[in-house]
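Q: Need the 3D shape of this:
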Amino acid sequence: MMEDLIKALQILLKYDNSKYPTACEHDIMYVCVKPDKVSDEDIASLKVLGFSADYDIGSFKSFRFGSC
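A: Below you'll find the predicted structure:
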(Lines give C-alpha, C1' and ligand atoms only; values in the text may rest on other atoms or scores of the structure.)
Protein backbone atom coordinates (compact mmCIF):
# COMPACT_ATOMS: atom_id res chain seq x y z
CA MET A 1 0.00 0.00 0.00
CA MET A 2 1.15 3.51 -0.74
CA GLU A 3 0.42 4.36 2.88
CA ASP A 4 3.35 2.14 3.96
CA LEU A 5 5.70 3.96 1.61
CA ILE A 6 4.61 7.32 3.00
CA LYS A 7 5.05 6.11 6.59
CA ALA A 8 8.55 4.85 5.78
CA LEU A 9 9.53 8.14 4.15
CA GLN A 10 8.20 10.08 7.14
CA ILE A 11 10.39 8.02 9.45
CA LEU A 12 13.46 8.55 7.26
CA LEU A 13 12.75 12.28 6.97
CA LYS A 14 13.62 12.60 10.68
CA TYR A 15 17.21 11.67 9.82
CA ASP A 16 17.87 13.43 6.51
CA ASN A 17 16.19 15.91 4.17
CA SER A 18 18.44 15.84 1.14
CA LYS A 19 17.58 17.34 -2.23
CA TYR A 20 17.81 13.96 -4.02
CA PRO A 21 16.73 11.38 -1.41
CA THR A 22 15.96 8.36 -3.59
CA ALA A 23 17.45 6.23 -6.30
CA CYS A 24 16.17 3.21 -8.18
CA GLU A 25 18.11 0.40 -9.75
CA HIS A 26 16.49 -2.60 -11.41
CA ASP A 27 13.83 -3.65 -8.88
CA ILE A 28 15.26 -1.87 -5.84
CA MET A 29 14.29 1.51 -4.44
CA TYR A 30 16.97 3.16 -2.32
CA VAL A 31 16.47 5.95 0.18
CA CYS A 32 19.78 7.65 0.81
CA VAL A 33 19.77 7.82 4.60
CA LYS A 34 22.67 6.25 6.47
CA PRO A 35 21.41 3.40 8.66
CA ASP A 36 23.87 4.23 11.44
CA LYS A 37 21.97 7.51 12.00
CA VAL A 38 18.62 5.72 12.48
CA SER A 39 17.40 4.38 15.84
CA ASP A 40 16.96 0.64 16.30
CA GLU A 41 13.25 1.21 16.91
CA ASP A 42 12.84 3.03 13.59
CA ILE A 43 14.89 0.38 11.76
CA ALA A 44 12.46 -2.25 13.09
CA SER A 45 9.48 -0.14 11.96
CA LEU A 46 11.03 0.34 8.52
CA LYS A 47 11.52 -3.40 8.17
CA VAL A 48 7.79 -3.96 8.76
CA LEU A 49 7.06 -1.28 6.13
CA GLY A 50 9.26 -2.99 3.50
CA PHE A 51 12.67 -1.30 3.90
CA SER A 52 15.89 -2.89 5.08
CA ALA A 53 19.11 -1.24 6.15
CA ASP A 54 22.04 -1.78 3.79
CA TYR A 55 25.12 -0.87 5.79
CA ASP A 56 27.47 -1.74 2.91
CA ILE A 57 26.19 1.06 0.71
CA GLY A 58 24.89 3.30 3.51
CA SER A 59 21.20 3.49 2.67
CA PHE A 60 17.85 1.77 3.00
CA LYS A 61 16.49 -0.40 0.25
CA SER A 62 13.14 -1.85 -0.70
CA PHE A 63 12.34 -4.59 -3.15
CA ARG A 64 8.67 -4.05 -2.33
CA PHE A 65 8.58 -0.46 -3.62
CA GLY A 66 11.32 -0.70 -6.22
CA SER A 67 9.29 -2.67 -8.71
CA CYS A 68 6.26 -1.72 -10.78
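Q: Scan this structure for its longest helix.
A: Secondary structure of the chain per DSSP state H: the longest helix is helix 2-13.
Q: which residues are contacting that helix?
A: For helix 2-13, contacts defined as CB atoms under 8 Å, 6 or more residues apart in numbering pick out 21, 31, 33, 38, 42, 45-46, 49-51, 60, 62, 64-65. Glycine gets a C-beta too; all of them are placed from N, C-alpha and C.
Q: Now, the residues you listed that are in helices?
A: Mapping these onto helices (DSSP H) picks out 42, 45-46, 49.
Q: Switch these over to a markdown table; also include neighbour count.
A: Output for the ones in helices among the contacts of helix 2-13, formatted as a markdown table (neighbours: other CB atoms under 10 Å):
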| residue | neighbour count |
| --- | --- |
| 42 | 18 |
| 45 | 15 |
| 46 | 24 |
| 49 | 20 |
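Q: which of these lies closest to residue 27?
A: Closest approach between those and residue 27, by CB to CB: residue 49, at 17.3 Å.
Q: For that closest one, give its distance to residue 34.
A: 18 Å (CB to CB, to the nearest Å).
Q: now do residue 15
A: From residue 15 over to residue 34 the distance is 8 Å, taken as CB to CB.
Q: For the longest helix of the chain, list every residue counted as buried.
A: The neighbour-count check on helix 2-13 (16 or more other CB atoms under 10 Å) flags 4-5, 7-9, 11-12 as buried.
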